[in-house]
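A.B. asks: Here is a sequence with its predicted model. Questions after.
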Amino acid sequence: GAGVSQTPSNKVTEKGKYVELRCDPISGHTALYWYRQSLGQGPEFLIYFQGTGAADDSGLPNDRFFAVRPEGSVSTLKIQRTERGDSAVYLCASSPGLAGEGEQFFGPGTRLTVL
Amino acid sequence: AQKITQTQPGMFVQEKEAVTLDCTYDTSDPSYGLFWYKQPSSGEMIFLIYQGSYDQQNATEGRYSLNFQKARKSANLVISASQLGDSAMYFCAMREGSYNTDKLIFGTGTRLQVFP
């Protein structure tokens, strides 16, 4: 079956612009996660959704970052007033059920470059 | 303090040999899970193996096994009979027991290179 998909695969923007990154989880997965991976580092947690609600947004670095999942499926990560330090690969993952169960299935990521 | 520590930035192994990738973790939660993921140059994170803190036996999945030493807080990945396709970054990750969150905390990774 189809895995987690993310669009776009690459995004180049200018400092100060607004960007949206999209994630399509595996069908039927209720849990969805966003991570950010900077060069040479492991992924860093941003936010976790269970259904439509953000169960844990403690990883969002500041109020320029926001994510939604209005129908409990597709999620969009939104970054306002982008800064060069936001350049990274943004990874989305999903898992089938309740917190604490099962592995997370990752998408291929969106590489964001802020010039 | 680092919650997941991978002290080997890079490792080399000859094809068909076994290799151990080190991972130590830090948590005060009695319930947690430990994961290993593989990240090839394509960038996608591929799940390899999972060990729960209450599991009595070490996890195994094909050529992958997890050497879980709870008292030492270590969860080393052992890859047997290495293949050229095993060349990739390998990340150790932990999920702590709170059911209010499901986040994974990752280490900095180990780059494994398998040579013929």
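C.D. replies: Right, received. Where do you want to start?
A.B. asks: Quick check: residues of chain A near chain B?
C.D. replies: Selection of chain A residues close to chain B by C-beta under 8 Å from any C-beta of the partner chain yields A:31, A:33, A:35, A:40-45, A:48, A:50, A:55-56, A:58-59, A:89, A:91, A:93, A:95, A:98-100, A:103-109, A:111. Every residue, glycine included, has its C-beta placed from N, CA and C.
A.B. asks: filter the residues you listed to the buried ones?
C.D. replies: Buried members of the residues of chain A next to chain B, counted by 16 or more other C-beta atoms under 10 Å in any protein chain shown: A:31, A:33, A:35, A:42-45, A:48, A:50, A:55-56, A:59, A:89, A:91, A:93, A:95, A:99-100, A:103-109, A:111.
A.B. asks: next one: phi and psi at A:N62?
C.D. replies: phi -170, psi -180 (degrees, to the nearest 10).
A.B. asks: partners of the residue positioned nearest the centre of chain A in the sheet?
C.D. replies: With distances taken as C-alpha atoms, centre = their mean, A:W34 lies nearest the centre of chain A, 3.1 Å away. Going by DSSP bridges, A:W34 is paired in beta bridges with A:I47, A:C92.
A.B. asks: Just the pLDDT at it, thanks.
C.D. replies: Predicted confidence (pLDDT) at A:W34: the value is 97.
A.B. asks: shouldn't it be in contact with A:A67?
C.D. replies: Yes - counting by C-beta atoms under 8 Å, A:W34 does reach A:A67; the two are 5.9 Å apart.
A.B. asks: Can you pull the residues that touch both of these two?
C.D. replies: Any residue near both A:W34 and A:A67 by C-beta atoms under 8 Å, 6 or more residues apart in numbering or on different chains counts here, and that gives A:L46, A:I47, A:S75, A:L77.
A.B. asks: Quick one: those residues as JSON lines, columns for pLDDT, distance to B:K3 and neighbour count too.
C.D. replies: Shown next, in JSON lines, are those (pLDDT from 0 to 100; distance: C-beta to C-beta, whole Å; neighbours: other C-beta atoms under 10 Å in any protein chain shown):
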{"residue": "A:L46", "pLDDT": "97", "distance to B:K3": "16", "neighbour count": "22"}
{"residue": "A:I47", "pLDDT": "96", "distance to B:K3": "18", "neighbour count": "22"}
{"residue": "A:S75", "pLDDT": "98", "distance to B:K3": "25", "neighbour count": "25"}
{"residue": "A:L77", "pLDDT": "98", "distance to B:K3": "24", "neighbour count": "23"}
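A.B. asks: Which of the residues you listed sits closest to A:E14?
C.D. replies: Using C-beta to C-beta, A:L77 comes nearest to A:E14 of these, at 18.4 Å.
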